[in-house]
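1. I would like to see how this sequence folds:
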Amino acid sequence: MSVSSIGRPVSRALVVVTLAGASFIVPGVAEAAPICGNSGGQTICVAVPSGTLSGPATITITNSANTGTLIARWIPSGKSAIQLITEFGPSPSTNDYTFVWPTQKYLDDSGVLRVQAGSTSSSPVDVPVSLSNGNTSDFQHAPNDWADFLPDPSWTASRDPVVAAVGDGASNDPEANDNADAIAASNPDLFLYLGDIYEDGTATENLNHYGQSSMDGGPGTLWGQMADITQPAIGDHEVSNRDAWRDYFHGRPLYTSFVFGNVLFLDLASTGESMAVGSPQYDWVKSILTSSSAPACVVSYFQNPALAKDKIKTKNGRADMWALLTDNGGDLVLNGNTHTMLQYKPLNDKLQLPSSGQATQVELIAGSGGHKMGGTFTGDSRVEWSKGKTPGAVYITLNGAADGGSPTSLSWAYKDAKGNVLHTGSRDCGGGSPPPPPPGLSITGFSPTSGPVGTSVQITGTGFTGTSDVSFGGASATSYTVDTDSQITATVPASASTGPISVTTGAGTATSSSAFTVTSSGGGGGLAISGFTPTSGPVGTSVTIAGSGFSGVTVVKFNGVKAHFTVDSDAQITATVPSSATSGPIKVKDPAGAVTSASDFTVSSGGGGGGTLAISGFSPTSGPVGSSVTITGSAFSGVTI
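-> Residues are numbered from 1 along each chain as shown. Here you go, the predicted structure:
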């Protein structure tokens, strides 16, 4: 026999007993008298079940205003506080702040349950509690059977399957809960949760904000009612509690792949695991995409987008992963994180509008789960459509998958929580891959095979007459000459990166079989920091930064703080340590990207600057307007107001 709670139960005195697969409602454990106190200007009352707690325990919490945010933490005796749950408002099911604490997911100990209004700096209301679940070194885990919940690769029904996707909802907000119910009521054949269980993805929040999981038996609640058809992506709100996330989804890895309806789905981790070139995740994805057995349709999904509104995101290698997917047959990328609905036009591997013949991919953002909704964004030519302040999801149909078929296209519809269609789109499977070069157009070689920006390169081949574009690693050359039908002379452009050379004519595009390597020597090319001197000093110190590719640098930062600087040459920058800088790495940035020093610059407190800005006293302590006051302290160099 096992005991579990129903999400956030309507009655505080009820639990569900599951016996041989059947569920029965029985009276719960009696509560001890509530303990009340003031926190953040509110009177909070907390009641816990009498005696030692084991298994799911209903924690009854009320406050006088019945509004605002409450934070509950578990503080074992003599140990650090453990976050349990952030509640953003009264639970829609109880109209107060009652939650279920799955104590079996925490180590046994005695201590206090601490509840605070607004923030952890508010006065606490502490309730003594003891946990006893037999957990001495680890918590009680769900079965490691996540693979049993993967969908069947082939779809045998006579209709095409529909996949629903959305993120940024699991918060127990009323709009989010309604959205979860609406998606479940639409009966999708597969559900992709695109990340973020608020606020911190703890075991307690997983149960109360995502809901009781149907993977554990029973119908489930909230988003958890779809858990048995869900393939989730981990988000940045739960990555710090990744063990709890993996446990909730029955041992699921941070990234994996599966085939459904003869479509390849790549469930990736944009946080917690690197996506950068050479990382284990990158190499794993590359091996799958280059396999001869990879399906024609490829859908990838992860929480943090590579293009968020109008910003390309290189953090954690997201742009690298986008390029890998685009250049190897990727069709759709689904993301959350941005709390809105957003569809981009087909973009090339640089996340830009493509030139003729370039491979493309479509990014669909559905961060419209219902928590703290953002607005509509249309401020970029790459945006196809956007809708803000509207909970809902995107529904993708695998066209041609009926009766075990292989889809030829993907179509989608953004819908609100009432089922209204807001926007539609479609894409042919593999439609973004560049077509083969037309007969007669080819690249047979180029010389030199490497060099910095500005290098003159001779490209040999056939069919070059009428060339309209020459690109290096996807970046179009601004200067090239068609010498003959079999030779082009082109200059490596400033935005070039290592990659193949492509030549486009009215008939199509030819791409070289090998890559041109962009080097950093000769006054251009790769941005790099090789060192700096001095390696320490106070605010105001002049620092010489050595490296390469500095000609286009637009920003220099000392541990995240912008500095005044001068580009002396392509290999040297002179920068001044800014007034608010602290010890840390130096970063330089140009329009193509950024690099960070391998070692830290140490900000010292000597020499009339540096250290921590502080006021230790002033004299006199009173006086009329116009009095002269002497202020003592530290790190005053560079003070502007």
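
2. any low-confidence regions in the stretch 101-250 of the chain?
-> For the stretch 101-250 of the chain, applying pLDDT under 70 flags no range at all.

3. can I get the CA coordinates of whatever helix or strand residue 191 lives in in CSV?
-> Using DSSP states H and E, residue 191 sits within strand 190-193. The C-alpha trace of strand 190-193 is given here as CSV (Å, rounded to 0.1, in the frame of the first residue of the first chain):
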residue,chain,number,x,y,z
LEU,A,190,2.5,13.6,-27.5
PHE,A,191,3.3,16.5,-25.2
LEU,A,192,6.6,18.3,-25.1
TYR,A,193,7.1,20.4,-22.0
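
4. Make 39 the starting number, not 1.
-> In the new numbering, first residue 39, that becomes strand 228-231.

5. and after that strand, which helix or strand comes next?
-> Downstream of strand 228-231, the first helix or strand assigned by DSSP H and E is helix 241-243.

6. Remind me what that following helix packs against, helices and strands.
-> Packed against helix 241-243 by the contact rule (3 or more CB pairs under 8 Å, 6 or more residues apart in numbering; DSSP states H and E) you find strand 120-125, strand 137-140, helix 280-286. Placement of C-beta: from N, CA and C, glycine included.

7. same thing but at 6 Å, please
-> strand 120-125 (3 or more CB pairs under 6 Å, 6 or more residues apart in numbering; DSSP states H and E).

8. I'd say residue 613 and residue 601 touch.
-> Yes - Residue 613 is within contact range of residue 601, at 4.6 Å (criterion: CB atoms under 6 Å).

9. which one of these two has more residues nearby?
-> Neighbour count, other CB atoms under 10 Å: between residue 613 and residue 601, residue 613 has more, with 24 against 20.

10. can you give me the strands in the stretch 39-188 of the chain?
-> Along the stretch 39-188 of the chain, the segments classed as strands by DSSP state E, counting those that start in this stretch run 40-42, 52-57, 60-65, 73-77, 80-85, 94-101, 108-114, 120-125, 137-140, 147-155, 163-169.

11. which one of the ones you listed has the most crowded surroundings?
-> Greatest average neighbour count among those goes to strand 137-140 (a mean of 25), per mean count of other CB atoms under 10 Å.

12. Could you list the paired strands of that strand along with their orientation?
-> Strand 137-140 has the following strand partners under DSSP bridges: strand 94-101 (antiparallel).

13. quick one: average confidence on the partner strand?
-> Averaged across strand 94-101, the pLDDT comes to 97.

14. next one: stretch 578-595
-> Here the average pLDDT along stretch 578-595 is 88.

15. try stretch 366-378
-> If you average the pLDDT values across stretch 366-378, you get 96.

16. Alpha carbons only: can I get that stretch in PDB?
-> Listed next in PDB are the C-alpha coordinates belonging to stretch 366-378 (Å, rounded to 0.1, in the frame of the first residue of the first chain):
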ATOM      1  CA  ASN A 366      22.400  18.600 -41.000                       C
ATOM      2  CA  GLY A 367      18.700  18.500 -41.900                       C
ATOM      3  CA  GLY A 368      17.000  20.100 -38.900                       C
ATOM      4  CA  ASP A 369      13.500  21.400 -39.700                       C
ATOM      5  CA  LEU A 370      12.000  22.800 -36.500                       C
ATOM      6  CA  VAL A 371      13.500  24.000 -33.200                       C
ATOM      7  CA  LEU A 372      11.000  24.500 -30.300                       C
ATOM      8  CA  ASN A 373      11.900  26.700 -27.300                       C
ATOM      9  CA  GLY A 374      10.300  28.300 -24.300                       C
ATOM     10  CA  ASN A 375      12.000  30.700 -21.900                       C
ATOM     11  CA  THR A 376      10.700  33.900 -23.600                       C
ATOM     12  CA  HIS A 377       7.200  34.100 -22.000                       C
ATOM     13  CA  THR A 378       5.300  34.700 -25.300                       C
END
